[in-house]
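Visitor: A predicted structure for the sequence below; I have some questions about it.
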Amino acid sequence: NMGLGSTTIANQELDRVLHKDPTNINANYNKALLLLNAKEFSDSIHFNTQVLRSAPNHIWALLNRGIAYAHLNAVDRAKNDFDSVLRLNANSKEAYLNRGNINLTANRFTLALRDFDAAIKIDPTYAPALKARTLALAQSGELEAAINAIKDIENKFITEFESNFLRATVLEKSGDYREASRITEALIKKYPDRNDVKYLQATILNATAETLDAIEILNKIPDNDPIFSQSLLRKGVFFFHLGNYPEEMKNFEKFLFRKKDDVEGLLNLGLTHAKLKDFVIAIRTFNRVLEISPTAHKAYDFKGQVLAEMREYESALHCFENAIGLNPDNLEALFNKAVILFDLNRLENAARTYETIYGIDKNFRGVQGNLCHVYQKLCDWDALTKYQENLSKNLTEKRPVSPPFPILSLFDSIELQTTAADSWLKGEDSLPLLTTFKKTGIRKSGEKVKIGYFSPDLGEHAVAYLMEEVFRHHNKSKFEVHAFSWIKNPDQKTRSLKT
C-alpha cells in the first residue's frame, strides 16, 4: 500500500518507461495495477490489454482485467477473462471467487456456489470466498444454511465485526429487515465511522418504505469513501422509487462521472431518460452499453421497450429477440415481446410466447392474466379454462399474476378485480417499462386523492347512467374528482353529469 507521493512517483516512472517502449510488458502491467487500485477501471483495462497483446497467457493481466470489467458491470467480458485464467490455471482461487461473484449478481446461485466451493477447496481459509458463499446461500433462500455458515467461520477466518456485518447482510437479503436493522444499528453505535454499515442500513430502510431516511443516510457518506460512488448509484435508484426523475438522473450522472463506462449506471441512466420521454438519448445510452458489453441482454430489452414507446414495433421486436437470444431466460424480454405481438394482433405468436414464460415461471408478473386474455381473444375456450382456474386461485392469494385490465373481462367478481389492481400496483417498481405507470410522487398526509375518469361514453349511454351515482357519492373531503369526456356530440346527459 503506497502513499500518495509514492504512487505519483511510480506513475511518473512508468510513464517514462512506456514513452520509450509502449510495449513493455512489466511497465504496462504495473501501470494497469496502479490504475485498478485507484479505481480507474477503464484505463486499467487499456493497459492490461496492452500486456495481453504481447503475452496472451499473462494470468494476472487476465485476472485484473476481468476484475476491472466486473467493476464496470461488463460481466460477459469479465467472465471470459476469468474463464481464460482457469483454463491456464485450474487452481486460481481468485478467478473462481470473481466468476462466482458474477454468477451471484445474476442470481445464478447454483453456479455461484459451485465456484465459491471450488475456491474454498483450493484454500479452506480463503475468507472472501467463505463470505461470498454465505451470501449466495442467503440469496438462494437457504437462510438456515447461511446462518450456520457464519457460525462455522466466525472467530476463525473473520473478525467479530465481519461476522455481525455478514449476518445483517444475510438477514437483509432474506427479507428479515427488523433483525437486520437491529444489528446494523448496534454496529453503527460501536463503529460510527463505518460507512459500509450505513450503506447497508440505507438499503434496509428503503426496503421498509423509509426511502427519504435512506437518502439522508447516504447523503452523509463523504466523497472520499470507497463506497461513495456506489452510494450515488443507490440514491439514484431510491429517487426512482419516489418518482423524482430529475434527482435520479443527477445522481446517475455523478456516478458515471466517476465510473464513465459502468454498465449498470448507464442502464439506469437510459431508463431515466426513457421515463422522461427522452427516447433518442435513451437509445443512444443503451447503444453505448452494447459497445462496452455486446452481450448485455438487458440493454437490448430496454432499447426494445423504448422503441415500442416510439411505436417502432418491428425494431422493438428485433431487440427483444436479440435479448432472448443472449439469455433465453430473460423473462422481461419475453414478456415485452408478447405484449407487442398482442398489440400487433399476432395472437397465436403472443400466446406461444406467454406459454414459454409460463413454462419457465408460471408466477411471473402478469403472465397468467395476459395468457388467459389472449386465449379469450382467440376464442380458445379449452385453453382459457385450463389457465383461468389457476389464475383465480393466485389472485385470491394476492399474487401479482395479472395486470388489472384483463381481469375486467375474465371475471365478474369485484373482489378479484380489486385484488388484481392492488397486488399489481404494490410491486409496480419491479415491472417492465412497457407495463409501468408514471408516479406522481408521495401524497402528503391529509391531501386529497385525485381521481380522473376518461370516457367516450359520458352521454346517452349505459356507462353514463351507471357512473352517475359513483360520481355523486365520492367523498369530496377525501377525493378530488375529474372527468374527461371524449365525445363528439355532447347531449343533455353530458350536461347533467357536469352539474
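Guide: Yep, it's here.
Visitor: which element follows the helix or strand of the chain with the lowest mean pLDDT toward the C-terminus?
Guide: Per-element confidence for the chain was summarised using mean pLDDT, DSSP states H and E. The lowest value among helices and strands belongs to helix 4-20, with a mean of 79. In the C-terminal direction, the helix or strand that comes right after helix 4-20 (DSSP states H and E) is helix 25-37.
Visitor: and that next one, what's buried?
Guide: 25, 27, 28, 29, 30, 31, 32, 33, 34, 35, 36 (16 or more other Cβ atoms under 10 Å). (C-beta placed from N, C-alpha, C; glycine too.)
Visitor: let me see the mean pLDDT of it.
Guide: Averaging the model's pLDDT scores along helix 25-37 yields 92.
Visitor: okay, angle between that helix and helix 4-20 too, please.
Guide: Using axes from the mean of the first three to the mean of the last three Cα atoms, to 10 degrees, one finds that helix 25-37 and helix 4-20 are set 140 degrees apart in direction.
Visitor: who's in contact with helix 25-37?
Guide: Defining contact as Cβ atoms under 8 Å, 6 or more residues apart in numbering, one finds that helix 25-37 is touched by 7, 10-11, 14-15, 17-18, 21, 41, 43-48, 50-51, 54-55, 58, 60-61, 64-65, 67-68.
Visitor: among the residues you listed, name the buried ones.
Guide: Applying a neighbour-count criterion of 16+ other Cβ under 10 Å, the buried members of the contacts of helix 25-37 are 14, 17-18, 41, 44-48, 50-51, 58, 61, 64-65, 67-68.
Visitor: make TSV out of the buried residues of helix 25-37 and add distance to residue 400.
Guide: Supplementary listing: the buried residues of helix 25-37 in TSV, determined by distance: Cβ to Cβ, whole Å:
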residue	distance to residue 400
25	55
27	56
28	52
29	51
30	53
31	51
32	47
33	48
34	49
35	45
36	42
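Visitor: ok, those residues vs residue 207, which is closest?
Guide: Compare each of the buried residues of helix 25-37 with residue 207 using Cβ to Cβ and the shortest gap goes to residue 36, at 32.1 Å.
Visitor: please name the nearest non-neighbouring residue to the closest one.
Guide: In space, not counting the residues next to it along the chain, residue 36 is nearest to residue 44; the distance is 4.2 Å by Cβ to Cβ, 6 or more residues apart in numbering.
Visitor: okay, the angle between the one helix or strand the one you found maps to and helix 25-37?
Guide: Assessed by DSSP H and E, residue 44 sits inside helix 41-54. Helix 41-54 runs at 160 degrees relative to helix 25-37, counting by the same axes, to 10 degrees.
Visitor: other SSEs contacting the next helix or strand after helix 41-54?
Guide: Proceeding N to C from helix 41-54, the next assigned helix or strand is helix 59-71, under DSSP H and E. Contact partners of helix 59-71 among helices and strands, from 3 or more Cβ pairs under 8 Å, 6 or more residues apart in numbering; DSSP states H and E: helix 25-37, helix 41-54, helix 75-88, helix 93-105.
Visitor: including distance to residue 167, could those helices go into JSON lines?
Guide: Conversion of the helices and strands packed on helix 59-71 to JSON lines gives the following (distance: least, Cβ to Cβ, whole Å):
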{"stretch": "helix 25-37", "distance to residue 167": "29"}
{"stretch": "helix 41-54", "distance to residue 167": "30"}
{"stretch": "helix 75-88", "distance to residue 167": "28"}
{"stretch": "helix 93-105", "distance to residue 167": "18"}
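Visitor: would you list every one of the helices in the stretch 151-300 of the chain?
Guide: Secondary structure of the stretch 151-300 of the chain (DSSP state H, counting those that start in this stretch): helices located at 160-174, 177-190, 195-207, 211-219, 228-242, 245-258, 263-275, 279-292, 297-309.
Visitor: picking that back up, I'd like to know the average pLDDT value across the helix holding residue 44.
Guide: Taken as a whole, helix 41-54 has an average pLDDT of 93.
Visitor: about what we covered before: helices or strands next to the least confident helix or strand of the chain in the packing?
Guide: Where contact means 3+ Cβ pairs under 8 Å, 6+ apart, helix 4-20 is packed against helix 25-37.
Visitor: what angle separates the helix it packs on from helix 59-71?
Guide: Calculated by the same axes, to 10 degrees, helix 25-37 forms an angle of 30 degrees with helix 59-71.
Visitor: re earlier: nearest to residue 140, out of the helices and strands packed on helix 59-71?
Guide: Comparing the helices and strands packed on helix 59-71 against residue 140 with Cβ to Cβ, the closest turns out to be helix 93-105 (9.2 Å).
Visitor: the inter-axis angle of the closest one versus helix 263-275?
Guide: Here helix 93-105 points in a direction 20 degrees away from that of helix 263-275 (the same axes, to 10 degrees).
Visitor: what residues does helix 93-105 touch?
Guide: Helix 93-105 has contacts (Cβ under 8 Å, 6+ apart) with 63, 66-67, 70, 75, 78-79, 82-83, 85-86, 89, 109, 111-116, 118-119, 122-123, 126, 128-129, 132, 135-136, 139.
Visitor: which PyMOL command selects the buried ones in these?
Guide: The PyMOL selection below is limited to those of these classed as buried (16+ other Cβ under 10 Å):
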select buried, resi 63+66+67+70+75+78+79+82+85+86+109+111+112+113+115+116+118+119+122+123+126+128+129+132+135+136+139
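Visitor: where in this protein is pLDDT low?
Guide: Counting by pLDDT under 70, the chain contains low-confidence ranges at 1-7, 426-445.
Visitor: at 80 what do you get?
Guide: Counting by pLDDT under 80, the chain has low-confidence residues at 1-8, 73, 106-107, 139-141, 154-156, 174, 241, 423-447, 486-489, 499.
Visitor: I appreciate the help and will end here.
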